[in-house]
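1. This is a predicted model, with the sequence first.
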Amino acid sequence: MGKTIVEKILSEHCTTDAYAGDIVVAEIDAALVQDGTGPLAVQQLQKLGMEKAAKPERTVLFIDHAAPSPRKELSNAHKILRDFAAKTGAILSDVNEGVCHQRMVERYMNPGEVLIGADSHTCTAGALGAFATGMGSTDVAIGIASGQTWLRVPETFKVYVTGEFQHGVYPKDFMLHFIGMIGADGATYKALEFCGPTIDAMDMSGRFTLANMAVEAGAKAGLFQSDETTKKYLEECGRGDKWSEVKADEDAVYEAVYEIDISTLEPTISCPHTVDNTKTIQEVAGTTVDQVFIGTCTNGRIEDLRIAAQILAGKKRNPNTRLLVCPASNDVYLKAIEEGIIAKLVAAGAAIVNPGCGACVGVHGGILGDGEVCLATQNRNFQGRMGNPEGFIYLSSPAVAAATAIEGVIADPRKYL
Amino acid sequence: MQIQGNAWKFGDSISTDHIAPGRLFHLRTNLPELAKHVLEDADPEFAGKVQPGDFVVGGKNFGLGSSREHAPTIIKLAGVGAVLAESYARIFYRNAINVGLPVLICDTTQIDQGDELEVDVSKGEVRDITKGITIKAKPLPDVMIKILNDGGLLEHFRKNGGFALEA
């Protein structure tokens, strides 16, 4: 019987042929925690008397959610991770190096591998043809120490995408549209396998955006086959030799197949307070916005900042709208400086926030006031997400965000492109 | 395992941001303190008034969002006997079992705020004493029953010297 991408990868990481529904104990190639989930993971290992890392060179501890630390309690939490890294030889990815998911794909993850991470958007690495999934601190702690985890092999939904994106419409618009279509629990416990001509033509940045948001449909992972685009990306990251072919068998069994033609897709927005509450740009254009936030593990890559700079170059943000821009990693930040993107954004009135997760997760660096509205390029808009349950968050592509920063109301980016 | 208490009714899509808000991020290394704010953004009164053995009763997709294990942990620390919901987000469900918080999947539409409930976790039975009805819960997967019976994943791993999940 043919296998899906998930079944293939997991079969190679356990002792049996793994098919959907099987419970397996799988070897893991890499694990990550961040400063929100890592301290608890370390404390759990201390309770077990197993303060060690089976693969220290593939165990990465990220200080990205509260970085630099805005208060002493968080500095002390950071110390727990620093001490664990010093003791075990695990890698510490420190303040400013970047958001864990961006950094994992830039530096550490390869096709065919298994990654578990104590962060729900760990699924981002699925874009490289890896099985990557989010878990809690205890699961990941045991994974770090033992090099193994237990998994139920998920059924797969095949998402077959055709058509060319219209000018000013992006993979983010597709993903918001797709989540709106199937619902925030539409793919609960399943793997999403993205394929079809549109996906084949999509750059890595777009694929990362889709894989990143798989969890917003409830999925366990979002996967892509590895191809020439994957290979080129790995070469640019200095890991061309780590490429391998990962793809589903022709006769793989899927639980469901979604065929979606995106040729008439419009810029799409998620409205408060759930990601699946989607509308087209026409339906929400004109909504007043107090803050625009461009960045995060979903859309803080160089490709995203380029689009924002293209729209904002020579213009000013609306005086009633704050504009925050956060490159997803230090590598992205440097590249944006070299390309002159940062200068254009700052000239337009943007506040550049150092790489990290603070604003998106509501810890620091962009917390909303009561009744305020934010348009963000992040992946979720739950009540309270940006630090205040009285705030309202809309989600969009970087292009919509840039146009909105100029007008002070949700705006169609196509007139600026 | 039989638990008795009152129902605290919540709607659909209760997220981990409702349960353990990001604005309280600095309390994650002080779980008893964080537990004083559990579910604060969904019902500000809940944390102050919940009694040991009471039940959190949600709708669809309970616990969606973050991987933060702190969310089920502080529900448990607040004394909640079990969470009942129509469906759960994947990571929350697994985390709840890992930390030893019973989570039952059942039709919660018949349960109202304040109803007196008696829950038999191993039988998967919810008795609404106020309404005089019994609601059947979907059984947990075997692997999760094993972990829950061991007292959570840490205890399971300690006790068995590794994963011991085969039937």
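-> Now that the structure is in, tell me what you want to look at. Note that the coordinates shown come from a computational prediction; the quantities given were computed from them, not determined experimentally.

2. any chance you could map the strands in the stretch 1-150 of chain A?
-> A:23-27, A:30-34, A:59-62, A:91-93, A:114-117, A:131-134, A:148-152 (DSSP state E, counting those that start in this stretch).

3. Could you list the paired strands of the third one along with their orientation?
-> What that stands for is strand A:59-62. Using DSSP bridges, the strands paired with strand A:59-62 are strand A:30-34 (parallel), strand A:91-93 (parallel).

4. can you put the ones you listed in TSV and add mean neighbour count and distance to residue A:258?
-> The C-beta positions use only the backbone N, C-alpha and C, and glycine is treated the same way. What follows is the strands paired with strand A:59-62, written out as TSV (neighbours: other Cβ atoms under 10 Å in any protein chain shown; distance: least, Cβ to Cβ, whole Å):
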stretch	mean neighbour count	distance to residue A:258
strand A:30-34	29	29
strand A:91-93	20	35
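
5. What ranges in chain A fall below the confidence cut-off?
-> Within chain A, no stretch has pLDDT under 70.

6. looking at it, which residue ends up farthest from its center?
-> What lies farthest from the middle of chain A is residue A:49; by Cα atoms, centre = their mean that is 32.9 Å.

7. now for the strands of the stretch 1-150 of chain A, which one comes closest to residue A:395?
-> Among the strands of the stretch 1-150 of chain A, the nearest to residue A:395 by Cβ to Cβ is strand A:131-134 (18.8 Å).

8. What helices and strands are in contact with the closest one?
-> Contacts defined by 3 or more Cβ pairs under 8 Å, 6 or more residues apart in numbering or on different chains; DSSP states H and E place strand A:131-134 against helix A:5-11, strand A:114-117, strand A:221-223.

9. contacting residues for residue 109?
-> You didn't say which chain, so I picked chain A. Contact partners of residue A:109, counting by Cβ atoms under 8 Å, 6 or more residues apart in numbering or on different chains, are A:30, A:115, A:125, A:128, A:130, A:132.

10. Chain B is the one I meant
-> By Cβ under 8 Å, 6+ apart, the residues touching residue B:109 are B:59, B:86.

11. Tell me the spacing between it and residue B:133.
-> Residue B:109 sits 12 Å away from residue B:133, going by Cβ to Cβ, to the nearest Å.

12. List the contacts of the worst-scoring helix or strand of chain B on mean pLDDT.
-> Among the helices and strands of chain B, helix B:142-149 carries the lowest confidence by mean pLDDT, DSSP states H and E, at a mean of 90. Contacts with helix B:142-149, where a contact means Cβ under 8 Å, 6+ apart, come from A:23, A:150, A:152, B:94, B:97-98, B:100, B:102, B:139-140, B:153, B:156, B:164-165, B:167.

13. Have a look at those residues and tell me the least confident one.
-> Ranked by pLDDT, the contacts of helix B:142-149 bottom out at residue B:167, which has 52.

14. Show me what counts as buried in the helix or strand where residue B:4 lies.
-> Assessed by DSSP states H and E, residue B:4 sits inside strand B:2-9. Buried residues in strand B:2-9, counted by 16 or more other Cβ atoms under 10 Å in any protein chain shown: B:3, B:5-9.

15. which ones are touching the residue nearest the centre of chain A?
-> Among the residues of chain A, residue A:212 comes closest to the average C-alpha position under Cα atoms, centre = their mean, at 3.4 Å. Neighbouring residues of residue A:212 by Cβ under 8 Å, 6+ apart: A:101, A:121, A:123-124, A:127, A:222, A:297-298, A:379.

16. can you pick the most crowded of the residues you listed?
-> Neighbour counts for the contacts of residue A:212, by other Cβ atoms under 10 Å in any protein chain shown, peak at residue A:101, which reaches 36 neighbours.

17. list the buried ones in stretch A:339-348?
-> Those would be A:341-342, A:344-345, A:348, for stretch A:339-348 by 16+ other Cβ under 10 Å.

18. cool, and stretch B:75-90?
-> Of the residues in stretch B:75-90, B:75-78, B:80-90 count as buried by neighbour count, 16+ other Cβ under 10 Å.

19. Please compute how far it lies from its chain's middle.
-> Distance, stretch centre to chain centre, for stretch B:75-90: 1 Å (Cα atoms, centre = their mean, to the nearest Å).

20. Share the number of residues neighbouring residue A:229, please.
-> Neighbours of residue A:229 under the rule other Cβ under 10 Å: 18.

21. Tell me which residue is most central in chain B.
-> The C-alpha lying nearest the average C-alpha coordinate of chain B belongs to residue B:83 (Cα atoms, centre = their mean; 3.3 Å).

22. May I have the secondary structure class of that residue?
-> Classification of residue B:83 using DSSP: H, G, I helix; E, B strand; the rest coil returns strand.

23. Spit out the contact partners of it.
-> Residue B:83 touches B:55-58, B:62, B:72, B:75, B:96, B:101-104, counting by Cβ under 8 Å, 6+ apart.

24. Would you mind confirming that residue A:399 is in contact with residue A:311?
-> Yes. Look at residue A:399 against residue A:311 with Cβ atoms under 8 Å: they come within range, at 6.3 Å.

25. Find residues that contact each of these two.
-> With contacts defined as Cβ under 8 Å, 6+ apart, the residues shared by residue A:399 and residue A:311 are A:413, A:416-417.

26. Can I have the buried ones of those as a ChimeraX selection?
-> Restricted to buried positions by 16+ other Cβ under 10 Å, the ChimeraX selection for those reads:
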select /A:413,416
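
27. for the shared contacts of residue A:399 and residue A:311, which one is nearest chain B?
-> Distances from chain B to the shared contacts of residue A:399 and residue A:311, taken as Cβ to the nearest Cβ, are shortest for residue A:413 (27.9 Å).

28. Next up, the contacts around that closest one.
-> Contact partners of residue A:413, counting by Cβ under 8 Å, 6+ apart, are A:168, A:267, A:311, A:397, A:399-400, A:402-403.

29. Next, it: phi, psi?
-> phi -80, psi -10 (degrees, to the nearest 10).

30. cool, and residue B:97?
-> The phi/psi pair for residue B:97 (degrees, to the nearest 10) reads phi -60, psi -40.

31. Which residue is the nearest non-sequential neighbour of it?
-> The shortest distance from residue B:97 to any non-neighbouring residue, by Cβ to Cβ, 6 or more residues apart in numbering or on different chains, is to residue B:144 (4.6 Å).

32. Next one: the one you found from residue B:21, what distance?
-> Going from residue B:144 to residue B:21 by Cβ to Cβ gives 27 Å.

33. Compare these two (neighbour count), which wins?
-> residue B:21 (27 against 20).

34. Which residue ranges of the stretch 201-350 of chain A form strands?
-> Counting by DSSP E, counting those that start in this stretch, the segments of the stretch 201-350 of chain A that form strands are A:221-223, A:256-261, A:268-270, A:278-280, A:291-295, A:322-326.

35. Looking at those, which is nearest to residue A:163?
-> Residue A:163 lies closest to strand A:256-261 among these, at 4.4 Å (Cβ to Cβ).

36. The longest helix belonging to chain A near chain B at all?
-> In chain A, taking DSSP state H as the definition, the longest helix is helix A:72-88. Yes. Using Cβ under 8 Å from any Cβ of the partner chain, we find that helix A:72-88 touches chain B at A:73-74, A:76-77, A:80.
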